[in-house]
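Asks: sharing a model that was predicted from the sequence below.
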Amino acid sequence: MTEPNITKPTTSRIPVIDVARGLALFAMAIYHFAWDLEFFGYVPQGMTADGGWRIFARSIASSFLFLVGVSLVLAHGRQIRWRPLIKRLAMIVAAAAAITVASRIATPERYIFFGILHSIAVATVLGVLFIRAPALFSAAVGIAIIIFTPDLVDPLFNQPFLLWLGLSTETVQSNDFVPVFPWFGPVLLGMAAARFALDRNLVARLASIYRGSGTINTGLIFTGRHSLAFYLIHQPVLVAAVYAVSLIAPPPPPDPKVTFMNSCNYSCSLNNESAFCSRFCTCTLDRLVEEDLLDAIMTEGKREQSQTDIQAIARACTSQSIEEAPSQ
C-alpha cells in the first residue's frame, strides 16, 4: 500500500471550504449592513456592539480566521511555497493599508488601524512558523492563546505602538479591532485541523463530500474564491445603498435618553458588571435630566462647557451605585 504524500500542498480547490468561506463573508456582510443602519441612525446606537450581535460578530471573525489557518496549511503542505505566499501577503497588506487610510478619512475618531485584514497579514507571517508543526502542537498553542490572553493583559501594553497585540488594559476605540491576542488562536486551530486532515489523507474525502450545485452554491463558491475582493467591495456598496435610502427616507431623530443609555451601558460594561452599569447609567441619566444637562452631554461644544457638572454627577452616581449593590 502506498503511503500518502503529506509533503505536497493541495493545489486543487476544495468546494466545501470555498462554501464555508463564502458563508462567513455573507454573514460578515449582514453584520456590516446592521452596523451601517446603526451608523445612519435607523437602529438604536450600540446595537451591534452588544448581546447577540456581539456574539454574531465574534463568531464570524473566529470562523473566518479558522479558515485562514486551514487554507494556509492546505496551500503549502510541509514545503512553504514562498512566491505565492509573498504575493498573497503583499495583496493583503495593501488592502489593509487601504482600509486604514479610508477609515481614517471617514471616521477619524474610530479608524481601523488593526482590523481583520491586518490580523490576517500578521497571522500569515506567524503561521509560517507552524506550517510543519504537528496538529496537536498547533491546537494546544491555539487553545492556550484563547484561554490565557486575559491573564497577559498589562498596562505595559497601553503604549500606542503595542495596541495591535490586544493586551492593553485600556479600551481601544476602533470600528474594527482584531488584535493578535486572542485572534491568532482560531488561526492555529484551523492550521491544526488542516494538518490533521493532511496527515491522515482526508483531504480527498473532504473534497468529495460536497458536490452541491445551483445558484446559491455557485454564488458561495465564487465568493469564497474571491474573498479579498468581496471584502473590499461589499462595505462601500452597502454604505452607498444606505446613504441613498437616507436621502429619500431619512431616519427618525434619535431619542437622546435611549442614545445615552445605550452608550453608557456599553462603555460601562467594558470594565464593570451589568448590574452596576444598570444602576449607574439610570442614576446618571436621571440627574442629567433633573439638571437639564442631557442636551449638553450629547453635544460636543456644550459637553466641554459643562464638564465639571457632568463629572460631579458621574462621581455621585458611582458612589450611589456601589452603596446600592446587594450584599453578598
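Replies: It's in.
Asks: any idea how far residue 259 lies from residue 233?
Replies: Distance from residue 259 to residue 233, counting by Cβ to Cβ, to the nearest Å: 31 Å. From N, CA and C alone the C-beta is placed, and that goes for glycine too.
Asks: so which of the two has more stuff around it?
Replies: Shown here are residue 259 and residue 233; by other Cβ atoms under 10 Å, residue 259 has more neighbours (16 against 11).
Asks: which positions in stretch 159-167 come out as buried?
Replies: 163-167 (16 or more other Cβ atoms under 10 Å).
Asks: make CSV from those and add secondary structure and distance to residue 133 to it.
Replies: Below are the buried residues of stretch 159-167 laid out as CSV (DSSP: H, G, I helix; E, B strand; the rest coil; distance: Cβ to Cβ, whole Å):
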residue, secondary structure, distance to residue 133
163, helix, 28
164, helix, 24
165, helix, 22
166, coil, 22
167, coil, 23
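Asks: quick check: the farthest pair among those?
Replies: 164 and 167 (9.7 Å; Cβ to Cβ).
Asks: and for those two, which residues touch both?
Replies: The contact sets of residue 164 and residue 167 overlap at residue 179 (Cβ atoms under 8 Å, 6 or more residues apart in numbering).
Asks: how is this protein divided into domains?
Replies: 15-248, 256-323 (automatic domain parsing).
Asks: please indicate which of these has the most neighbours on average?
Replies: domain 15-248 (a mean of 17; mean count of other Cβ atoms under 10 Å).
Asks: which helices and strands does the helix or strand encompassing residue 224 pack with?
Replies: Taking DSSP states H and E as the criterion, residue 224 maps to helix 215-225. Secondary-structure packing of helix 215-225 (3 or more Cβ pairs under 8 Å, 6 or more residues apart in numbering; DSSP states H and E): helix 15-40.
Asks: next SSE after the helix it packs on?
Replies: helix 51-76.
Asks: what average pLDDT does that following helix get?
Replies: Helix 51-76 comes out with an average pLDDT of 92.
Asks: now do that helix against helix 15-40, angle only.
Replies: Angle, helix 51-76 to helix 15-40, by axes from the mean of the first three to the mean of the last three Cα atoms, to 10 degrees: 140 degrees.
Asks: show me what helix 51-76 packs onto, helices and strands only.
Replies: helix 15-40, helix 82-106, helix 116-127, helix 180-199.
Asks: tell me which helix or strand comes right after the third one.
Replies: Sequence-wise, the next helix or strand downstream of helix 116-127 (DSSP H and E) is helix 135-152.
Asks: so what touches that following helix?
Replies: So helix 135-152 is contacted by 130, 166-167, 181-182, 184-189, 191-193, 195-196, 199 (Cβ under 8 Å, 6+ apart).
Asks: distance from the chain centre to that helix, please.
Replies: With Cα atoms, centre = their mean, to the nearest Å as the basis, helix 135-152 stands 19 Å off its chain's centre.
Asks: angle of that helix against helix 180-199?
Replies: 170 degrees.
Asks: tilt between helix 135-152 and helix 116-127?
Replies: 120 degrees.
Asks: mean confidence for helix 135-152?
Replies: The model assigns helix 135-152 a mean pLDDT of 96.
Asks: got the CA coordinates for the following helix or strand past the helix holding residue 224 in CSV?
Replies: Using DSSP H and E, the helix or strand that follows helix 215-225 in sequence is helix 227-248. Extracted C-alpha coordinates of helix 227-248, given in CSV (Å, rounded to 0.1, in the frame of the first residue of the first chain):
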residue,chain,number,x,y,z
SER,A,227,-12.8,36.6,-0.7
LEU,A,228,-10.4,39.6,-0.7
ALA,A,229,-12.2,41.3,-3.5
PHE,A,230,-15.6,40.7,-1.8
TYR,A,231,-14.4,42.1,1.5
LEU,A,232,-13.1,45.3,-0.1
ILE,A,233,-16.1,45.9,-2.2
HIS,A,234,-19.1,44.9,-0.1
GLN,A,235,-18.9,47.6,2.6
PRO,A,236,-18.7,50.6,0.2
VAL,A,237,-21.6,49.2,-1.7
LEU,A,238,-23.7,48.8,1.5
VAL,A,239,-22.8,52.2,2.7
ALA,A,240,-23.7,53.8,-0.6
ALA,A,241,-27.1,51.9,-0.6
VAL,A,242,-28.0,53.0,2.9
TYR,A,243,-26.9,56.6,2.2
ALA,A,244,-29.1,56.6,-0.9
VAL,A,245,-32.1,55.5,1.1
SER,A,246,-31.3,58.1,3.8
LEU,A,247,-31.7,60.8,1.1
ILE,A,248,-35.2,59.6,0.2
